[in-house]
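Visitor: One predicted model, sequence on top.
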Number of protein chains: 4
Amino acid sequence: MTVEQKRIAVIGNNKISTSYAFAMMNRQLNVEVCLIADKKVQSLKDMAYGAYFRPKMGLTSGGFAECRNATMIIFAHDPFLDAENTQQASSIVRRFVNRWMETGFQGICLVATPQSEVVAHWIMKFSGLASEKIIALGTMLDTAFLQSELGRYFQVNAKNVHAYMIGSTLKNGVPAWSRAFIGGRPILSYIMDDPDRYSFEKLEPIVKQMQELPNEPLGEGRLFDCSIALALVELTRIILEDEGMILTVGVHVQDKFGMTSGFISVPAVIAASGVKRIVPLTLSDSEQKQLAVAVKSIQNAVQAGLPNERGTKHGI
Amino acid sequence: MTVEQKRIAVIGNNKISTSYAFAMMNRQLNVEVCLIADKKVQSLKDMAYGAYFRPKMGLTSGGFAECRNATMIIFAHDPFLDAENTQQASSIVRRFVNRWMETGFQGICLVATPQSEVVAHWIMKFSGLASEKIIALGTMLDTAFLQSELGRYFQVNAKNVHAYMIGSTLKNGVPAWSRAFIGGRPILSYIMDDPDRYSFEKLEPIVKQMQELPNEPLGEGRLFDCSIALALVELTRIILEDEGMILTVGVHVQDKFGMTSGFISVPAVIAASGVKRIVPLTLSDSEQKQLAVAVKSIQNAVQAGLPNERGTKHGI
Amino acid sequence: MTVEQKRIAVIGNNKISTSYAFAMMNRQLNVEVCLIADKKVQSLKDMAYGAYFRPKMGLTSGGFAECRNATMIIFAHDPFLDAENTQQASSIVRRFVNRWMETGFQGICLVATPQSEVVAHWIMKFSGLASEKIIALGTMLDTAFLQSELGRYFQVNAKNVHAYMIGSTLKNGVPAWSRAFIGGRPILSYIMDDPDRYSFEKLEPIVKQMQELPNEPLGEGRLFDCSIALALVELTRIILEDEGMILTVGVHVQDKFGMTSGFISVPAVIAASGVKRIVPLTLSDSEQKQLAVAVKSIQNAVQAGLPNERGTKHGI
Amino acid sequence: MTVEQKRIAVIGNNKISTSYAFAMMNRQLNVEVCLIADKKVQSLKDMAYGAYFRPKMGLTSGGFAECRNATMIIFAHDPFLDAENTQQASSIVRRFVNRWMETGFQGICLVATPQSEVVAHWIMKFSGLASEKIIALGTMLDTAFLQSELGRYFQVNAKNVHAYMIGSTLKNGVPAWSRAFIGGRPILSYIMDDPDRYSFEKLEPIVKQMQELPNEPLGEGRLFDCSIALALVELTRIILEDEGMILTVGVHVQDKFGMTSGFISVPAVIAASGVKRIVPLTLSDSEQKQLAVAVKSIQNAVQAGLPNERGTKHGI
């Protein structure tokens, strides 16, 4: 019996990567995390120095060749950071995709960049990977934050709150209030039955707060690297342990949620194979309208990165 | 700084008690579990012998005096086992209650006996403890089993299934189908939208199976000691860590769910203070009818144990 | 990516098996535990009913065919229980070994029976498995208990106590005092430097207590099923996670510790491949003498089970 | 029953503090970590945003008043960073100590600064706290790294390696080879018995590597913030859970290890009360000489920070 750790290749030399590595180390998952980097990563040496205290995870660094047998790639490089326009950003993504795909990689790709649904779409197109193997972080963190805040408001454990942020992050985030429940009871009923105590006026700031976060929360030194890392660790664990959990992440849908074909954040069952199933959701008219805005915005950004492509008509 | 472990006193010299102690030991909660027993418990010596491997929990035994400063009492003695009738059973309960109440106990009482809602009612009456401090295991395990089975059926993690068994255990268990959701979508919608794939015909056996379990699953050498222990450990942890989780356990309700005043298994928020809040639940007509049967049955059993009591008419 | 749980086949329909399954379930190792049993095991149904609370481990039952791809077999059937003599006991072992070896099993075999070193020897002989793949529980639990008690006596965490029970269990257990340390300092020094506070007189009862335990602590309803289960779970985890930990377990030695060729409990490095290395130990004269008694006793029992075998003279 | 989380106040607005907070959050200890800061800490907002995934730890920030009821203070501010000389550094420490002591703080103080034994001494002097309540991180991380590396070299789990770095960090670190064991056997014996395989030549680089680390590894953006955070989390846990573990940390000794009265890193039993006991260690002549250098260096630095103090003659 030989014990081989599954390898997770992390692309992107920024604080998300190192926060992810540190959080994974702390979580003690029995897996190898390999930072793909041209030069030695200083923080790797730092973490390795304390490996005695959290020894289970293997922490390595290496070139793109390490992607070959990786179970997962975490793409955390922000392609918008150094790009002048969307077209340039998509070119950057394409170069990364080419480098890992030529190794023969056939695993799951998690996308943790700004506009992660858009980048996920490009990755699908450039890589030829099956759509269920590409998962954008999307609104996973937004949903988690919403549930925490609702838990605080309704004084119940956040795990008992079922409310989703869908669409996309920031200003394109749509709270699916009509499908929000606490313990089998719609949040709408809580508010209607006890208007003195509960009101939408008090809930709206939670969402507003999320929508008004700085425009590009990802990347070195910017907001939310640690929280993104925590979400990524949870997503990683759910895939590694084949949990079959429902998460709102950016997944590829066809003729659903007003999207002909593309990535959007909606509830989906995530397991070892990637996206196992999209969870249908009956939305209110107003929610559908908000979602249409998100869909439009995502589609425009995707196209802006693929301007002269005729191929987009068939097959994406 | 001194470190004092909270004490949990376990009453009832049977397999539930020892399975609970063993499961608690394995769970490594930082707490003292004290088996209240007249003589040395052999299995305690056994577990203590292996304490090196799971050292965090303190495992002790002692007399009723140990209840004095206990954070929790777990009452797992089956009063029906040696009783010829309900009246005798309630007398047995009264004797136990008297012994622990005279120590000055003011903690939370978890009831893990057959007909736990009935026994919980007697305990409330005999002890004078505030009703929110008494929690019957009720349908907690039934709900967990239902969610596991529905998770298997709908191919999703059981943690994403929100379906409750309410009322009471066994034949008085009521599945609240009208309030059952998976990922923000009613189970009824799953079945209506895809009748070829999903149907109630396939769900009913899950409930039938529970309702037809041997009549008294608790106590030495009988069914479900291990699973009851697992549920008790989870309930213990939720209280110790002040989780505020919604559980279907036997709680005291007044003028709700068709019950004037008494214990019934319904969703409630459980935290360090005991029962923090009952979660309102809008049931279908058919579910209300089934629940009425459960309520009636519980009330009858409660009264049968208190035949000459006039006091029951006002307030209990 | 498919997720296949490693399978652990448990042979022996007794309380060790079920306690092991329950402890493994509580420990949440991501593995399948399969009880090899002719008929449905009642306690399996019990545990499965509470699987919602501890879902990670797969719990199954099946016939000997399930041993084929098993990573480990845990042999917990007490062959002495129904045997009139050692010869019969070894025949019972042989029948079990034949049934699992004909499936093509090539994993690791853990032996958790009375006289586990003796039974391990028989298994090696009957199975033809490489000696490093057979590990008897031996004095693993005794060492753990000794370390716990010394920790209590010297007021230090048991993990900082390095003291071994070697040889075999019960009356053949040898405390290797000359090699016992606490935090880099010999226990002998503690006693010599501070004889008013520490003395061997106070340590001896710990060992005596172990040596005088009922002669056959294993099997249904007898002592130490839970603690044996805890030790087995730890041993299982160390192998599954390739920990490379030093444990005193029954391992095959050649020309060491006064044993020409046979199983004896001594410190060994245990990892995914089984026994990786025996740890050399310089014993005092008195310890060597005690150990010689244990070796003799084990050798006699092994031979008594293989009376007409000439082959035993050379090499086994 | 009310649940009050113990509070840990963290002083020092640098990467050690935030890495510690993040590692504590990941470790899910049931405790409040309060960063003492004049202005809002950006990374706190970041971590709080992902609290859904790791909810157990409370994460707050506040002024020095929060130290009042704190169980522990972690002093991570590097006083040498902005100081021109040692005297100035000690003044900075004094100002911090005054601010937390005037709240009435009576807990345990962990010191995680460069020259932590020196700073610990100043804190003892300025605060008047009992010496057993002040623990410098000292060589805790160095010992952990040494054990990891020796584990790799001897191919055994690092938890089975008992080897200490004592004295102080960096060039004043002394490996106590004469007291180093693996599984009850001295490392010296391994080398003597099998010189072809093992040699000191191969072990020395491990120590050299540690001694040649950049001179001031602590503070914002410098080396080893993550590994220091991991060591601090472990130290915190050991105190919170009253583990009684032997660690090499900077503790106050009197007339031991060549130190008349002062802090030095040696093995000590650490528990809820702080330093429970120094573990005696018989060192070789050469080790004693090396240690004398470390002692001298620490004493000089301590005195350099207290030049005009006459009080140092009696009582420190």
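Guide: Alright, I've got the coordinates.

Visitor: List the beta-bridge partners for A:Ile246.
Guide: Bridge pairing for A:Ile246 (DSSP bridges) gives the partners A:Val269.

Visitor: Give me the distance between the two termini of stretch A:10-19.
Guide: 11 Å (Cα to Cα, to the nearest Å).

Visitor: Look up the closest residue to the residue of the stretch 201-316 of chain A found nearest chain D, ignoring the ones flanking it.
Guide: The nearest approach of the stretch 201-316 of chain A to chain D comes at A:Ser227, 3.0 Å away (Cβ to the nearest Cβ). (Glycine included, C-beta is placed from N, CA and C.) Once flanking residues are discounted, A:Ser227 sits nearest to D:Gly50: 3.0 Å by Cβ to Cβ, 6 or more residues apart in numbering or on different chains.

Visitor: So which other helices or strands are in contact with the helix or strand A:Ile8 falls within?
Guide: If you go by DSSP states H and E, A:Ile8 is part of strand A:6-11. Here strand A:6-11 touches helix A:15-27, strand A:31-36, strand A:72-75, helix A:86-101, going by 3 or more Cβ pairs under 8 Å, 6 or more residues apart in numbering or on different chains; DSSP states H and E.

Visitor: run the last query once more with 6 Å
Guide: strand A:31-36, strand A:72-75 (3 or more Cβ pairs under 6 Å, 6 or more residues apart in numbering or on different chains; DSSP states H and E).

Visitor: possible to save the ones you listed as JSON lines with mean pLDDT and distance to chain D?
Guide: Formatted as JSON lines, those follow (pLDDT from 0 to 100; distance: least, Cβ to the nearest Cβ, whole Å):
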{"stretch": "strand A:31-36", "mean pLDDT": "96", "distance to chain D": "13"}
{"stretch": "strand A:72-75", "mean pLDDT": "98", "distance to chain D": "16"}
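
Visitor: nearest to B:Glu102, of the ones you listed?
Guide: Closest of those to B:Glu102 is strand A:31-36, at 55.3 Å (criterion: Cβ to Cβ).

Visitor: Pull out the buried positions in whichever helix or strand comes after that closest one.
Guide: For strand A:31-36, the following helix or strand on the C-terminal side (DSSP H and E) is helix A:42-49. Judged by neighbour count using 16 or more other Cβ atoms under 10 Å in any protein chain shown, the buried positions of helix A:42-49 are A:Ser43, A:Leu44, A:Asp46, A:Met47, A:Ala48, A:Tyr49.

Visitor: can I assume the last one is in contact with D:Ser227?
Guide: Yes. Counting by Cβ atoms under 6 Å, A:Tyr49 sits close enough to D:Ser227 to count as a contact (4.0 Å).

Visitor: quick one: contacts for the residue nearest the centre of chain A?
Guide: With distances taken as Cα atoms, centre = their mean, the residue of chain A nearest its centroid is A:Leu137 (0.3 Å). For A:Leu137, the contacting residues are A:Ala112, A:Ser116, by Cβ atoms under 6 Å, 6 or more residues apart in numbering or on different chains.

Visitor: can we see that at 10 Å?
Guide: By Cβ atoms under 10 Å, 6 or more residues apart in numbering or on different chains, the residues touching A:Leu137 are A:16, A:74-76, A:110-113, A:116-117, A:119-120, A:169, A:218, A:228, A:231-232, A:235, A:247-250, A:265.

Visitor: what bridges to A:Met165?
Guide: Applying DSSP bridges to A:Met165 yields these beta-bridge partners: A:Pro175.

Visitor: Need the per-residue pLDDT for it.
Guide: You'll see A:Met165 listed with a pLDDT of 96.

Visitor: need the helices for chain A, in chain order.
Guide: In chain A, the helices defined using DSSP state H lie at A:15-27, A:42-49, A:86-101, A:116-127, A:140-154, A:187-193, A:200-211, A:225-240, A:285-304.

Visitor: helices or strands up against the last one?
Guide: Contacting helix A:285-304 under the criterion 3 or more Cβ pairs under 10 Å, 6 or more residues apart in numbering or on different chains; DSSP states H and E are the following elements: helix A:86-101, helix A:116-127, strand A:165-167, strand A:173-175, strand A:259-271.

Visitor: average pLDDT across it?
Guide: Mean pLDDT, computed over helix A:285-304, is 96.

Visitor: How about stretch A:231-249?
Guide: For stretch A:231-249, the mean pLDDT works out to 97.

Visitor: now that stretch, how far from the centre of its chain.
Guide: How far stretch A:231-249 lies from its chain's middle: 10 Å, per Cα atoms, centre = their mean, to the nearest Å.

Visitor: quick one: contacts for A:Met24?
Guide: The contact partners of A:Met24, taken as Cβ under 10 Å, 6+ apart, are A:8, A:10, A:31-33, A:47, A:54, A:56-57, A:59, A:74, A:229, A:232-233, A:236-237, D:26.

Visitor: Sketch out the low-pLDDT regions of the stretch 101-250 of chain A for me.
Guide: Low-confidence segments of the stretch 101-250 of chain A, defined by pLDDT under 70: A:213-223.

Visitor: Count residues in the vicinity of the residue nearest to A:Phe105 when sequence neighbours are not counted, would you?
Guide: Using Cβ to Cβ, 6+ apart and skipping the chain neighbours, the partner closest in space to A:Phe105 is A:Cys67 (4.7 Å). Neighbourhood size, A:Cys67 [other Cβ atoms under 10 Å in any protein chain shown]: 24.

Visitor: Next one: A:Cys67 from A:Gly274, what distance?
Guide: Using Cβ to Cβ, to the nearest Å, we find A:Cys67 at a distance of 16 Å from A:Gly274.
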